[in-house]
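*Asks:* just a sequence and a predicted model for now, questions to come.
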Amino acid sequence: MYDRFPRLGLRERTGQQDMSLDIADAYINGRNAMVEAGVGIGKSFAYLIPGLLINHISQQPVIIATSSIQLSEQIHKDLRVIGSRLGFTTVRSVVGKGMGQYACRYRAADLVQPEAPDSPAAALARRITNYEIDERADIQGGISDAVWSEVCVNDCKFEQCRYKSTCSFYDMRAKISARAGDMDFIIVNQDLLIRDLIKKKEGTRPLITEQPALIVIDEAHNLEAKVRDARTLEFTLRGTSRMLDDVLQILFRQSADKSLMAQVRLVKSCLNSIFKQAEADLLQTAKQDNDRIKLSEIKGIPLSRGIQLLKDFQLGLAVLTSRNEREIDNLYEAVHGLIDLFAVLSGSEQGYLLWAGTSRREASISICPKNISQFLKQALFNGKTSVILTSATMCQGGDTLEEQYAYLTQSLGYKGDYMERQPSPFDYNSHTMMYISGSVPYYNHLNRQEYLEAAYKEMLRLCNVTDGRTLVLFSAKEDMKFVYGKLRSETLAWALHIQQEGSSQDGVIAGFRHSKGVLLSTGVFWEGINIEGSDLSQVIVFRLPFPVPSDPVYEYKASKANNPLKEVFVPDMLLRLRQGTGRLIRSETDLGVLSILDSRLSAAAAKDYRSKVLEALPFKQVTEDFRVLERFVQAKGIKRRI
């Protein structure tokens, strides 16, 4: 394949070829492989080329899982490009997204009834029922989560739905579960793959074909968090109350047992007390909307009696037969989850993490199994199908490959081979400079205001150095909102942009590129955003992205480590920092500046992890002198580029 590249007008890249050969070797020997592929080596081609050959030889589909819709769509395009260039003209492929990405005509039809009130959701519903919109991505300019949640697929009726023949979600689900030989490439998000693994492990009907030739997991640094999210059960008072009302209705209709009403009231009373305490804990402890906090000990609530009643409800549902079997199955699962919650709260179940948070502006309580790595070891890395894990950011420092890949290996329960890291071919030595600000005070919760004021002034100075063209990455939405509020009151020499609510950021990125201004962002902008050329000349990391120590997930991980800072918090921060700083240089001709406004990284702070950060990042010109940075920008013509 690679021998034909020059003839086809394709560029030869050594790192890409080496990665392809490693993947082919892993497949031939029935092994798993973990490989870090730096920005610019053409990672997707590196696994698609052996994937095309493996599919051709085995006649079994190749599954590719990513953690972002944008990358899934890009891989689908890349597959068509490289497949046709190399003579694979009839590659059958499908992109599978999460249920919430698809429009539901069944739900939309209810919102366009004559008696239904007019609303933004009703206007959107009309477009869905008129077949203008199939997916969230079809909406120009994006849509708020609140409005979209009213019209997306959230509880599909599958075969019983009268709209199934024109439903993109139903069509996708049929294709990803196709028999071997019917589909060549199945591209899904990691959430869908994980749900499929859970179903296969539980012995229930799977979502994805059972006979793949190869599984490739791109952006594998996100896999642990995705598994944890998929295995987390989240409860709200409104949601659980509604579910119990549905259970009561079905069981009472079947048995006419009036004692059921008192039993449901008792369970609801338990829930009211539990959520009252959760709300009090959140009010006292949570510092921002997405904080996960420890729930204080539950006392004085008859949880054991609640568990027994819930088990009785579950038994009643189990023996029912009805035309609405899927509804009963869903209620059975929901009651089972509530039993698990009561067991965790009572202390009779020790295998779960427990926390409180805020979901859509109401208190929520979540539980999640502690041992994620054990699940992946059994369900994914079991030797039945070769699994390739890849990402641009998988490794830490270390002398051996095992040491470099150690953090992800332990987090994921990985079993398999470690492949040589394929470094980025871009010239970071002469094209980039890293600036660490030593003048901003150390951040902590007690001096947050002082830190924000100083970091804001430094950020403003840096944005002026590059005439805008800057992406600012925040770890906390509250910090971003503070900076945005202050910037709006300034007279700026460049346009100001801020990321929008919702999954698609195409509109705000297009506006940023056109104006060559400053874009404030968090969350999704730390990875998967590709802005080549002089439109982006600087990335500012407002604060090092350390996880919150009091977060119950990281508190648990820290409890298992001998040195939590060294074994958990620094490695986790480095994975995210490497992703964020990777937004700067996206092509061989890109020039730019990385600025970090966190003086914990300065030489004067003398933190042990400074050397680890400098070793992990590819930027070799490092300064804490603002004048040196200005001279670099002038010398490279970053200000004057058009």
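*Replies:* Now that the structure is in, tell me what you want to look at.

*Asks:* how's the chain carved up into domains?
*Replies:* According to automatic domain parsing, the chain comprises the domains 14-100+154-230+372-418, 103-148, 233-369, 428-635.

*Asks:* what about the second one, start to end distance?
*Replies:* Think domain 103-148. 8 Å (C-alpha to C-alpha, to the nearest Å).

*Asks:* from residue 319, how far out is the residue lying closest to residue 233 once chain neighbours are set aside?
*Replies:* Residue nearest to residue 233 in three dimensions, not counting chain neighbours: residue 337, with 4.6 Å by C-beta to C-beta, 6 or more residues apart in numbering. For the C-beta atoms, the positions are set from N, CA and C on the backbone; glycine is no exception. Distance of residue 337 to residue 319, computed by C-beta to C-beta, to the nearest Å: 20 Å.

*Asks:* hang on, the earlier thing: nearest to residue 4, out of the domains of the chain?
*Replies:* domain 14-100+154-230+372-418 (7.1 Å; C-beta to C-beta).

*Asks:* so where does residue 398 fall, helix or strand?
*Replies:* Following DSSP states H and E, one finds residue 398 outside all helices and strands.

*Asks:* for the residue lying closest to it once chain neighbours are set aside, what are its contacts?
*Replies:* In this structure, residue 398 finds its nearest non-sequential neighbour in residue 404, 4.3 Å apart by C-beta to C-beta, 6+ apart. Contact partners of residue 404, counting by C-beta atoms under 8 Å, 6 or more residues apart in numbering, are 395, 396, 397, 398, 418, 421.

*Asks:* look up phi and psi at residue 404.
*Replies:* phi -70, psi -40 (degrees, to the nearest 10).

*Asks:* ok so, going back, most surrounded residue in the contacts of residue 404?
*Replies:* residue 395 (24 neighbours; other C-beta atoms under 10 Å).

*Asks:* where does the prediction get shaky in the stretch 501-642 of the chain?
*Replies:* Within the stretch 501-642 of the chain, the stretches with pLDDT under 70 are 502-504, 639-642.

*Asks:* please repeat the previous calculation with a cut-off of 90.
*Replies:* 501-508, 523-524, 527-530, 548-551, 637-642 (pLDDT under 90).

*Asks:* could I get the contacts of residue 404 as CSV with pLDDT and distance to residue 192?
*Replies:* Listed next are the contacts of residue 404 as CSV, based on pLDDT from 0 to 100; distance: C-beta to C-beta, whole Å:
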residue, pLDDT, distance to residue 192
395, 93, 27
396, 87, 29
397, 82, 34
398, 85, 33
418, 97, 27
421, 94, 28
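
*Asks:* all the helices of the stretch 501-642 of the chain, in order from the start?
*Replies:* 506-515, 552-559, 564, 570-581, 610-616, 626-635 (DSSP state H, counting those that start in this stretch).

*Asks:* before we move on, the earlier item: residue 2: which of the domains of the chain is closest?
*Replies:* Nearest of the domains of the chain (C-beta to C-beta): domain 14-100+154-230+372-418, 5.2 Å.

*Asks:* start and end of that closest one, how far apart?
*Replies:* 18 Å.

*Asks:* how far does that domain sit from the chain's center?
*Replies:* Distance, stretch centre to chain centre, for domain 14-100+154-230+372-418: 15 Å (C-alpha atoms, centre = their mean, to the nearest Å).

*Asks:* give the buried residues for the longest helix seen in the chain.
*Replies:* Of all segments of type helix in the chain, defined using DSSP state H, the longest is helix 259-285. For helix 259-285, a neighbour-count test (16 or more other C-beta atoms under 10 Å) marks 260, 263-264, 267-268, 270-271, 273-275, 277-278, 281-282 as buried.

*Asks:* can you find the helix or strand in this structure with the smallest mean pLDDT?
*Replies:* Within the chain, no helix or strand scores below helix 145-148, which has a mean of 86 by mean pLDDT, DSSP states H and E.

*Asks:* thanks a lot, see you next time.
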